[in-house]
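Chemist: Dropping the sequence and predicted coords here.
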Amino acid sequence: MNTEFLEALNDLEKEKGIAVGVLLEAIEAALLSAYKRNFGSLQNARVSIDRDTGEFKVYSQRTVVEEVSDPRLEIALAGAREIDPRYELGEIVEDEVTPRNFGRIAAQTAKQVVVQRIREAERNIIYEEFANREGDIITGVIQRVEQKNVYIELGKTEAILTPSEQMPGEDYRQGSRVKAYIVEVKKTNKAPQIIVSRTHPGLLKRLFELEVPELYEGVVELKAVAREAGYRSKIAVYSRDENVDPVGACVGPKGMRVQSIVNELNGEKIDIIKWNSDPSKFVAASLSPAKVVAVEIWDEEKVARVIVPDYQLSLAIGKEGQNARLAAKLTNWKIDIKSESQMEEIYRQDGYEGYYEEDGEPYSEEDYQEQDFVGEEDFVK
């Protein structure tokens with residue numbers, strides 16, 4: 001080994017991003033393994049590579065003891081002090097034992113180990129890079145599709161998009177670019193396994209952060225996300241600044257911001273809702289685009305009963321219950337939706353006559369429609 005060898009390691013450092021020190025330590029370990037296998041498996045030894053010249057040497061190591069039981073591993077205190085009078089019990093005495101023909105054997109034996117260490121170092125670098133990005137969004141190129149798994153190229157490595165994380169009806173073509181959410185990074189004996197998702201609610205959140213500067217800057221806060229990937233999503237947003245409309249910020253001028261996200265998600269519908277600390281108002285808003293007449297809240301049970309006009313009932317529930325299901329996920333409340341006629345029948349059975357104003361006069365139909373939120377206290381027996 002010589003200076004040309006060190007220059008080659010420096011080139012590897014620039015090309016692979018692996019420090020020369022890491023490579024030299026790997027080579028020393030490989031040479032020590034080769035020495036023990038071929039020359040002295042029962043003795044302690046150390047291999048050292050000069051960082052300036054590239055020259056390597058092998059040293060045997062013996063511990064200084066009072067009484068020697070194995071001369072290959074130990075040396076008497078008197079013998080050690082003949083070499084250097086400063087030696088004390090328990091210290092290590094080293095003697096150079098580099099074999100004459102060790103260079104050829106070492107090169108043959110160590111080559112595979114060195115390559116392996118380089119690969120391990122590369123894998124560790126990739127793992128550390130992506131492990132710190134869990135919960136982040138990546139952009140890659142679809143490399144291939146095997147057994148319904150989609151492999152996405154990410155520079156020095158690749159991510160896997162499993163069938164369970166793929167959006168329904170989405171076509172994954174080789175060579176096309178795709179955004180995905182990093183769910184998990186696993187360390188394996190081979191390359192790190194990077195699991196990504198197109199269905200995770202976190203993808204929607206990150207896409208909005210990319211498109212909406214107010215979200216990234218923290219002026220607007222995304223409070224909750226509910227998603228049925230490929231079909232419909234709901235997000236609840238809140239503004240820390242009274243002068244900033246959180247819904248308008250997410251929609252963008254002429255709807256450009258939200259439309260960009262809809263296009264990325266292949267037409268998935270997105271409802272943007274203003275978050276409210278009042279549960280009744282938040283629950284009512286979560287059923288958008290349906291109009292809500294009344295909300296009754298049971299705090300302890302986390303149950304909300306929502307009353308909607310008869311003609312809005314199917315819209316509030318949604319196709320196959322989707323709108324109501326997403327609203328429940330978004331608010332974390334169990335939502336029971338009733339039409340006005342259903343509620344009037346329920347209250348009549350309970351002995352209530354109908355809707356009344358505070359002075360006891362019945363609501364006119366026009367006044368009744370203007371009531372945003374009424375509850376059981378607005379009914380009289």
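Modeler: That came through fine.
Chemist: shaky segments in the stretch 251-381 of the chain?
Modeler: Residues of the stretch 251-381 of the chain meeting the criterion pLDDT under 70: 350-381.
Chemist: can we see that at 80?
Modeler: For the stretch 251-381 of the chain, residues meeting the criterion pLDDT under 80 lie at 346-381.
Chemist: the helices in it, which residues?
Modeler: Counting by DSSP state H, counting those that start in this stretch, the stretch 251-381 of the chain has helices at residues 256-264, 279-286, 313-317, 322-331, 340-349, 365-370.
Chemist: Report the distance from the fourth one to the chain centre.
Modeler: Yep, that's helix 322-331 we're talking about. Distance of helix 322-331 from the chain centroid (CA atoms, centre = their mean, to the nearest Å) equals 24 Å.
Chemist: Now do it: which elements does it pack against?
Modeler: Under the contact criterion of 3 or more CB pairs under 8 Å, 6 or more residues apart in numbering; DSSP states H and E, helix 322-331 touches strand 220-228, strand 232-239, helix 279-286, helix 313-317, strand 334-339. In this view, the C-beta of every residue, glycine as well, is placed from N, C-alpha and C.
Chemist: follow-up on the earlier one: now the helices of the stretch 251-381 of the chain in a markdown table, with distance to residue 302 and mean neighbour count?
Modeler: Listed next are those as a markdown table, based on distance: least, CB to CB, whole Å; neighbours: other CB atoms under 10 Å:
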| stretch | distance to residue 302 | mean neighbour count |
| --- | --- | --- |
| helix 256-264 | 30 | 16 |
| helix 279-286 | 9 | 22 |
| helix 313-317 | 19 | 18 |
| helix 322-331 | 9 | 21 |
| helix 340-349 | 20 | 14 |
| helix 365-370 | 28 | 10 |
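Chemist: Take these and write them to CSV, including distance to residue 161.
Modeler: Formatted as CSV, those follow (distance: least, CB to CB, whole Å):
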stretch, distance to residue 161
helix 256-264, 15
helix 279-286, 30
helix 313-317, 32
helix 322-331, 23
helix 340-349, 44
helix 365-370, 49
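Chemist: And the helices and strands packed on helix 322-331: which comes nearest residue 258?
Modeler: When the helices and strands packed on helix 322-331 are compared by CB to CB, strand 232-239 sits nearest residue 258, at 9.6 Å.
Chemist: picking up where we left off before, can you redo the helices and strands packed on helix 322-331 as CSV with distance to residue 164?
Modeler: What follows is the helices and strands packed on helix 322-331, written out as CSV (distance: least, CB to CB, whole Å):
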stretch, distance to residue 164
strand 220-228, 14
strand 232-239, 18
helix 279-286, 27
helix 313-317, 27
strand 334-339, 27
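Chemist: I'd like to know which of the helices of the stretch 251-381 of the chain lies nearest to residue 108.
Modeler: helix 256-264 (53.5 Å).
Chemist: by contact count, what packs against that closest one?
Modeler: Right, helix 256-264 is packed against helix 201-211, helix 246-251, strand 269-274 by 3+ CB pairs under 8 Å, 6+ apart.
Chemist: Tell me which of these sits nearest to residue 104.
Modeler: Among the helices and strands packed on helix 256-264, helix 201-211 sits nearest to residue 104 (CB to CB), with 55.3 Å.
Chemist: Give me the next element, helix or strand, following the closest one.
Modeler: Where DSSP states H and E defines the elements, the next helix or strand beyond helix 201-211 is helix 213-217.
Chemist: what sits up against that following helix?
Modeler: Residues outside helix 213-217 that contact it (CB atoms under 8 Å, 6 or more residues apart in numbering): 208-210, 220-222, 237, 239, 244, 246, 249-250.
Chemist: Neighbour count, pLDDT and distance to residue 131 added to those residues, as TSV?
Modeler: As requested, the contacts of helix 213-217 are arranged in TSV below (neighbours: other CB atoms under 10 Å; pLDDT from 0 to 100; distance: CB to CB, whole Å):
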residue	neighbour count	pLDDT	distance to residue 131
208	25	94	24
209	16	92	21
210	16	92	22
220	25	94	29
221	14	93	27
222	19	94	24
237	23	95	30
239	18	93	34
244	12	92	35
246	26	94	33
249	20	93	32
250	23	93	30
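Chemist: which of those lies closest to residue 68?
Modeler: Closest to residue 68, out of all of the contacts of helix 213-217 and judged by CB to CB, is residue 209, at 69.3 Å.
Chemist: hang on, the earlier thing: with distance to residue 14 added, can I get the contacts of helix 213-217 in a markdown table?
Modeler: Formatted as a markdown table, those follow (distance: CB to CB, whole Å):
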| residue | distance to residue 14 |
| --- | --- |
| 208 | 39 |
| 209 | 35 |
| 210 | 32 |
| 220 | 43 |
| 221 | 44 |
| 222 | 42 |
| 237 | 46 |
| 239 | 48 |
| 244 | 47 |
| 246 | 48 |
| 249 | 45 |
| 250 | 44 |
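Chemist: tell me, which helix in the protein spans the most residues?
Modeler: Of all segments of type helix in the chain, defined using DSSP state H, the longest is helix 102-131.
Chemist: for it, packing partners?
Modeler: Helix 102-131 makes packing contacts with helix 3-16, helix 20-38, strand 177-186 when contacts are defined by 3+ CB pairs under 8 Å, 6+ apart.
Chemist: Now tabulate the ones you listed in a markdown table and tack on distance to residue 328.
Modeler: What follows is those, written out as a markdown table (distance: least, CB to CB, whole Å):
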| stretch | distance to residue 328 |
| --- | --- |
| helix 3-16 | 51 |
| helix 20-38 | 52 |
| strand 177-186 | 23 |
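Chemist: okay if I get those as CSV plus mean neighbour count?
Modeler: Listed next are the helices and strands packed on helix 102-131 as CSV, based on neighbours: other CB atoms under 10 Å:
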stretch, mean neighbour count
helix 3-16, 13
helix 20-38, 18
strand 177-186, 18
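Chemist: what kind of secondary structure is residue 175 in?
Modeler: Under DSSP: H, G, I helix; E, B strand; the rest coil, the three-state class of residue 175 is coil.
Chemist: how about stretch 138-152: buried residues?
Modeler: 138, 140, 142, 150-152 (16 or more other CB atoms under 10 Å).
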